[in-house]
Structure formats: structure tokens, C-alpha cells
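[1] sequence first, then the predicted structure:
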Amino acid sequence: MASDLRPNDLREDLTVVPLRHPGRWFSGTVILLVIAGLGWAMAEAQIQWEDVPGFFTHPVMLEGLLNTIVLAVAAQGGAILLGVVVALMRLSANPVARWFAVGYIWLFRGLPVLLQILIWFNLALVFKSISIPMLFEVPTNVVMTAFVAALLGLGLNESAYMAEIVRAGLSSVDAGQTEAAKSIGMTPLTTLRRVVLPQAMRVIIPPTGNNFINMIKGTSMASVIAFLELIHAANNISSRNLEIMETLFAAAAWYLVMVSLASIGQHYLERAYGPR
């Protein structure tokens, strides 16, 4: 009789049916087909793949790579320093400093980067020379080289974003931490350096790392003012041999290498400043 069955006997009669996921199989198959289709299309494309490694290590391409790295690091480094200063002004009790910071962020964050680069590069059209009375006077064309124009355009734009990132990081630290530091006699600068910034770095580093990756790619905009970065280097090479796609793929490979290395560095920085 059914009443004589024990619970263990009922469990033995049950058949376990594994849960099926037809959607996973379908989506996985579609993805693999798309990848295979792209691979087949690239293999059949009229591209001299055997020439790409040669362009990857071409002297002009390597010079463009070096210039790209120098420009990206200099612009990001300057942006971080300026961003910290503007963020402190933004949080200042001084209304003049606070409103100056608001206007600075509004201006440089509001204008497109390419427009800023072009304005700096053509500054000599409106200012023939740069001078401080009784100290020095230099022709603007001598000072405003393609590198300097790109550095100012990229760095000032990025500094506005860094100011907001740093401000958010500093604001994330509990006010009690600052009060405790003051109570033991720490100066404001020492409090910032030893108490606030180490805690704020958890908030600051992730977006800063992402912005640096964008900065690496953003240096390509300097090609419009004939600065020899990767894109301009690829164009210079292809203008001689007409292998446009091959040189562009070599430049693309270098961008992927730089971004991958920057992502690895960001990972270790986040882990170093992350919660223990």
C-alpha cells in the first residue's frame, strides 16, 4: 500500500532530469558562427598579411609609437596634477577659488578635444608672440609646436575630468577621518597626504585607469596637426607603398598592446589600494 512506503523509497523512484539550456547552446553557436565568418572574411580579404609584421617594426612606426607613449604619459601626468589642484579649489571654502574651479571644469570639459588641439595649434594667428613684459618675448610659432598643442589640448581636457574624479574620491572619505587627524595635531597637508588620499585612491584609480586608456587612443587626434604618432606614422608609410590597410592593422596591433599593458597596470594598482 502507498501508506507503507517510506520517504527513502520515494526518493529512489525519482529520476533526476538535468536542466536543459537550449538558449545557451543557440547563442553560443551563433557567436561561433559569427567569429568563423569574420575570420573567413578577413582571410579572403585583399590584404597582404605577410607584410603586416614588417610594418609593425618599421622605424617610422616605432618612432610614432614612442611619440604616442610620451604624449599620452605627459598629458595624463599633467592632467592628474592639474586635476588635484582644481579639485582642491573646487572643495575650498574660498568662493573665488571654488567658482574658478567650476568655470575651469565647465570650459575644458565642454569643448571637444580636437577643437582644443586645433585652437592651440593655430594660436599664432591671433597672438604673434608670447611674452612677459621686461622678461622675455618668444614667437608663438616657436613655442606652439605640434607636440605642445597636442599636449595642451589633451592634458587640459583630461584635467577637467580628473578634477571631478579626484573631488569624488576626496568626498568619499568620511569627514570624521579628517576631524580625527586634526585632533592629533596633523596639518591640513599632512592630513591630505597620509589620511585622505590613501583612502580616496580606491575611488580615484579605476576611472583614472580608464581615462589613461582613452588618452592612449586619444593621441590619434594629434595626427590632424601632423604630429608623428601611430596614425600619422601609418599614413606616412602607406603613402609610399599604398598598403593602407596593412599599415593601419600594424598600428592597431600596437594600440592593443599598449591598452593591454595599461589594463594590467590598472589591475595591480586597484589591488594594491583595494580593501585588505
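    Yep, it's here. Not measured: the values here are computed from a predicted model.

[2] rest of the way, CA atoms for contacts and neighbours
    OK.

[3] span of stretch 106-120 from start to end?
    In stretch 106-120, first residue to last residue: 18 Å (C-alpha to C-alpha, to the nearest Å).

[4] list the buried residues for that stretch?
    The neighbour-count check on stretch 106-120 (16 or more other C-alpha atoms under 10 Å) flags Phe108, Arg109, Val113, Leu114, Gln116, Ile117, Leu118, Trp120 as buried.

[5] kindly report the same for stretch 233-246.
    Using 16+ other C-alpha under 10 Å as the burial criterion, the residues of stretch 233-246 that qualify are Ala233, Ala234, Asn235, Asn236, Ile237, Ser238, Glu243, Ile244, Met245, Glu246.

[6] now do the helix or strand where Asn214 lies: which elements does it pack against?
    In this assignment (DSSP states H and E), Asn214 forms part of helix 197-218. Here helix 197-218 touches helix 59-90, helix 146-171, helix 244-273, going by 3 or more C-alpha pairs under 8 Å, 6 or more residues apart in numbering; DSSP states H and E.

[7] mind checking these for the one nearest to Pro133?
    Judged by C-alpha to C-alpha, the one of the helices and strands packed on helix 197-218 that comes nearest to Pro133 is helix 146-171, at 22.6 Å.

[8] now the angle from that closest one to helix 59-90?
    Between helix 146-171 and helix 59-90, the angle comes out at 40 degrees (axes from the mean of the first three to the mean of the last three C-alpha atoms, to 10 degrees).

[9] so what's the backbone phi/psi at Tyr132?
    If you look again at residue 132, you'll see it is Ile, not Tyr. In terms of degrees, to the nearest 10, the main-chain angles of Ile132 are phi -120, psi 120.

[10] circling back: just the helices and strands packed on helix 197-218: most buried one?
    A comparison of the helices and strands packed on helix 197-218 by mean neighbour count, using mean count of other C-alpha atoms under 10 Å, puts helix 146-171 on top with a mean of 24.

[11] how distant is that helix from the center of its chain?
    On the basis of C-alpha atoms, centre = their mean, to the nearest Å, helix 146-171 sits 11 Å off its chain's mean C-alpha point.

[12] return the list of helices and strands in contact with that helix.
    helix 59-90, helix 95-110, helix 113-121, helix 197-218.

[13] on that earlier part again, so which bits of the helix holding Asn214 are buried?
    Going by neighbour count (16+ other C-alpha under 10 Å), the buried part of helix 197-218 is 197, 199-205, 207-209, 211-213, 215-218.

[14] elements contacting whichever helix or strand comes after it?
    Counting by DSSP H and E, the next helix or strand C-terminal to helix 197-218 is helix 230-241. On a contact count with 3+ C-alpha pairs under 8 Å, 6+ apart, helix 230-241 meets helix 59-90, helix 244-273.

[15] between the first one and helix 230-241, how many degrees?
    Using the same axes, to 10 degrees, the direction of helix 59-90 lies 160 degrees away from that of helix 230-241.
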